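Novice: Kindly generate the corresponding structure for this input.
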Amino acid sequence: MSMTTMNNDVYRYQAVEKHILGMVENGALQLGEKLPSLRKLSTNLGVSISTVNQAYVELERKGVIESRPRSGFFVKQKAMRLPRTESGPTPMEAPRPVTRIGLIQTVLESVGGTDTNEIPLGVVAPGTPLLPLKELGRITAAMIRDNPERALAYAPIPGDDELIRQIAFRSMELGIPAGPTDPVITAGCMEALYLGMRSITRPGDTVLIQSPTYYCFLQLLETLGLRVIEIPSDPEGGVSPAELAHALKTFDISACILAPNFNNPDASLTPDEAKQEIVRLLAERDIPLVEDDVYTDLHFTPKRPGTYKQFDEKGLVLLCSSFSKTIAPGYRVGWMLPGKFRQKVLEIKATTNVSTSAPGQMAIAEYLRQGRMERQIKRLRNAMETQMDTMQLHLERHFPVGTRVTHPRGGSVLWLELPKQVDSVELFFQARAKSIGIAPGPIFSTQDKFSNYIRLSCGAPWSEQMRQGIETLGGLATELAQK
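Specialist: Numbering: from 1, shown residues only. Modelled structure (predicted):
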């Protein structure tokens, strides 16, 4: 493997880290085996000795390897990833109301918490060190200083003109059809999803979702008085067009809400060919589709996955996204491409919150205009992949026998299947008592499923506190598995 052609935007030592992690995972480096010397690996990979040394220091900090005086570095202990989670076909149930809101609200209590001792495995957001704090701070201050009247006034209902242009331009660059005035700016992706569902459904309608699905989708659907049909989401292949076609023939479905790229919580990735077929099947029946595209930029694949919107010829796909998972969670700036439903979306937006906060829109527009977004995304993707790899290795060390975990190709979450005896809701409350945040499986479905599953966030940079949290959580799961 050569690093000489590596993109300059990717930290070289992190690429060396991933190389070593891969050797440990595939068995090329065994438990207790000595790693190549700094000089040898430097020569083999075409990087400096200091780069290899930095990678080794990071791997030692993360507990993957250990240094021995005058001997070198060694694989610290068994470090194979857990087996992949498996999913099989489940019987399709009749439409049902959503009834998970109480437990969901308990899980959401940790959002925006100030407890510095809490181990952040439950909230999906990039850790603060991974955000462009100084860059965005300088830009925000300059925009408010130079344009105070604009910053303190209401923004236009569709959004800041420059931000709309920047999003439309970036969408077109990514192959997503968008005219220069098509985007609508929202208060995060959740408002985009809300506006989308309000525009295309009425209380009592039946909405198709994938299972498992993001629990805030379920909370939204419950709030809107909608019923749901669940079809399985496979951790490896996402949503099957055949499953969707069967549901369309069996039930009267008014709309769909799907996350094709790195679905939260199972991080599944629906192939582009399947996306195209799903859009075709829905278009035949004029069924609108709300698409959650919030994680697509966090892909670990060589090419960014496609979207449902790319195959939309009738304006039936409402693509929703935000900047919360990449640059500024707290700014609460999202956006959507609402297709043929744009006017309805704007009517609802005007009577919901009038417009999205002006200063955040102005700052992000300038951040995009200066061309900073792609560099930040590359940095973030690299960090997420490394953090995910590190967490998978530590999960194997500390969790009970029989645990399985997803091996995502993007996103920032892991979906764990624990032994059948483990009640994930009980595990959630035990972990919460020890300041460890997780999300229990039952909140990701309206059905009585996933009782022994949990979702873990990989957004925070690896630390000794994270290692201790995983060890403690694994101990709690092991105790429950032995009951």
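Novice: Please enumerate the strands of the stretch 351-483 of the chain.
Specialist: Remark: strands assigned in the stretch 351-483 of the chain by DSSP state E, counting those that start in this stretch are 404-405, 413-417, 439-440, 453-457.
Novice: Next, the buried residues of the helix or strand hosting Val52.
Specialist: In the assignment (DSSP states H and E), Val52 maps to helix 49-61. The neighbour-count check on helix 49-61 (16 or more other CB atoms under 10 Å) flags Thr51, Val52, Asn53, Gln54, Ala55, Tyr56, Glu58, Leu59 as buried. Glycine gets a C-beta too; all of them are placed from N, C-alpha and C.
Novice: hang on, the earlier thing: now mean pLDDT too, for the strands of the stretch 351-483 of the chain, in a markdown table please.
Specialist: Compiled in a markdown table, these are given as follows (pLDDT from 0 to 100):
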| stretch | mean pLDDT |
| --- | --- |
| strand 404-405 | 94 |
| strand 413-417 | 96 |
| strand 439-440 | 94 |
| strand 453-457 | 96 |
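Novice: for the ones you listed, which one sits closest to Gln276?
Specialist: strand 413-417 (25.7 Å; CB to CB).
Novice: helices or strands up against the closest one?
Specialist: In terms of contacts (3 or more CB pairs under 8 Å, 6 or more residues apart in numbering; DSSP states H and E), strand 413-417 is packed against helix 373-398, strand 404-405, strand 453-457.
Novice: Tell me which of those lies nearest to Glu426.
Specialist: Nearest to Glu426, of all the helices and strands packed on strand 413-417, is strand 453-457, at 11.1 Å by CB to CB.
Novice: Name every strand pairing with the closest one and say which way it goes.
Specialist: The strands that strand 453-457 pairs with in its sheet are strand 413-417 (antiparallel), strand 439-440 (antiparallel) (by DSSP bridges).
Novice: Can you check what angle separates the first one from helix 373-398?
Specialist: Using axes from the mean of the first three to the mean of the last three CA atoms, to 10 degrees, the inter-axis angle of strand 413-417 relative to helix 373-398 is 20 degrees.
Novice: Need the contact partners of strand 413-417.
Specialist: 82, 85-86, 124, 212, 235, 262, 264-267, 388, 391-392, 395, 399, 403-406, 408, 452-458 (CB atoms under 8 Å, 6 or more residues apart in numbering).
Novice: just to revisit the earlier point, helices and strands around the helix holding Val52, which ones?
Specialist: With contacts defined as 3+ CB pairs under 8 Å, 6+ apart, helix 49-61 has these neighbours: helix 12-25, helix 38-45, strand 65-68, strand 72-75.
Novice: As PDB, could you dump the C-alpha coordinates of that helix?
Specialist: Taking C-alpha atoms only, helix 49-61 is exported to PDB below (Å, rounded to 0.1, in the frame of the first residue of the first chain):
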ATOM      1  CA  ILE A  49       9.000   8.300  10.300                       C
ATOM      2  CA  SER A  50       7.300  11.000  12.400                       C
ATOM      3  CA  THR A  51       4.000  10.300  10.700                       C
ATOM      4  CA  VAL A  52       4.200   6.600  11.500                       C
ATOM      5  CA  ASN A  53       5.200   7.500  15.100                       C
ATOM      6  CA  GLN A  54       2.200   9.800  15.500                       C
ATOM      7  CA  ALA A  55      -0.100   7.000  14.200                       C
ATOM      8  CA  TYR A  56       1.400   4.500  16.700                       C
ATOM      9  CA  VAL A  57       1.000   7.000  19.500                       C
ATOM     10  CA  GLU A  58      -2.600   7.500  18.600                       C
ATOM     11  CA  LEU A  59      -3.300   3.700  18.400                       C
ATOM     12  CA  GLU A  60      -1.600   3.300  21.800                       C
ATOM     13  CA  ARG A  61      -3.800   6.000  23.300                       C
END
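Novice: Give me the mean pLDDT for that helix.
Specialist: Mean per-residue pLDDT for helix 49-61: 86.
Novice: what's the answer for stretch 126-142, then?
Specialist: The pLDDT scores in stretch 126-142 average 95.
Novice: Endpoints of it, how far apart?
Specialist: 25 Å (CA to CA, to the nearest Å).
Novice: same question, stretch 445-456
Specialist: So stretch 445-456: terminal residues 17 Å apart, CA to CA.
Novice: How about stretch 175-191?
Specialist: Stretch 175-191 has an end-to-end distance of 24 Å (CA to CA).
Novice: What residues of it count as buried?
Specialist: 176-178, 182-191.
Novice: neighbours around the residue nearest to Ile436 when sequence neighbours are not counted, how many?
Specialist: Distances taken as CB to CB, 6 or more residues apart in numbering place Ile119 nearest to Ile436, at 4.6 Å, with adjacent residues excluded. The number of residues packed near Ile119 is 22, by other CB atoms under 10 Å.
Novice: now swap in Ile470 and tell me
Specialist: 24.
Novice: if I pick it, what's in contact with it?
Specialist: Taking CB under 8 Å, 6+ apart as the criterion, Ile470 is in contact with Leu121, Met391, His394, Leu395, His398.
Novice: How about the second one: what's its closest non-neighbour residue?
Specialist: If the residues on either side of it in the chain are set aside, Met391 comes closest to Cys458, at 5.5 Å by CB to CB, 6+ apart.
Novice: Now do the same for stretch 223-240: mean pLDDT, whole number.
Specialist: Per-residue scores along stretch 223-240 average to 94.
Novice: That stretch: end-to-end distance?
Specialist: 28 Å.
Novice: returning to that earlier point: from the contacts of Ile470, which is closest to Arg372?
Specialist: Once CB to CB is applied, the member of the contacts of Ile470 that ends up nearest Arg372 is Met391, at 28.0 Å.
Novice: so where does Ile176 fall, helix or strand?
Specialist: Using DSSP H and E, Ile176 falls within no helix or strand.
Novice: go on, the one 3 residues further on?
Specialist: Remark: Gly179 resides in no helix or strand, with elements defined by DSSP H and E.
Novice: What of the one 10 residues further on?
Specialist: Assigned by DSSP H and E, Cys189 belongs to helix 188-200.
Novice: Surely the residue nearest to Ile436 is in contact with Gly469?
Specialist: Yes: using CB atoms under 8 Å, Ile119 is in contact with Gly469, at 3.4 Å.
Novice: Overlap of the contact sets of the two?
Specialist: Joint contacts of Ile119 and Gly469 (CB under 8 Å, 6+ apart) are Ile436.
Novice: which residues sit in contact with the residue of the chain positioned farthest from its centre?
Specialist: Relative to the centre of the chain, and counting by CA atoms, centre = their mean, the farthest-placed residue is Arg70 at 42.5 Å. By CB under 8 Å, 6+ apart, Arg70 lies in contact with nothing.
Novice: Identify the spatial nearest neighbour of Pro316, chain neighbours not counted.
Specialist: Check again: residue 316 is Leu, not Pro. Here the residue nearest Leu316, using CB to CB, 6+ apart, is Pro288, at 4.8 Å.
Novice: looking at the protein, which helix or strand is least sure?
Specialist: strand 96-97 (a mean of 56; mean pLDDT, DSSP states H and E).
Novice: follow-up on the earlier one: could you dump the buried residues of helix 49-61 to JSON lines with distance to Pro36?
Specialist: Shown next, in JSON lines, are the buried residues of helix 49-61 (distance: CB to CB, whole Å):
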{"residue": "Thr51", "distance to Pro36": "14"}
{"residue": "Val52", "distance to Pro36": "9"}
{"residue": "Asn53", "distance to Pro36": "12"}
{"residue": "Gln54", "distance to Pro36": "15"}
{"residue": "Ala55", "distance to Pro36": "11"}
{"residue": "Tyr56", "distance to Pro36": "10"}
{"residue": "Glu58", "distance to Pro36": "16"}
{"residue": "Leu59", "distance to Pro36": "13"}
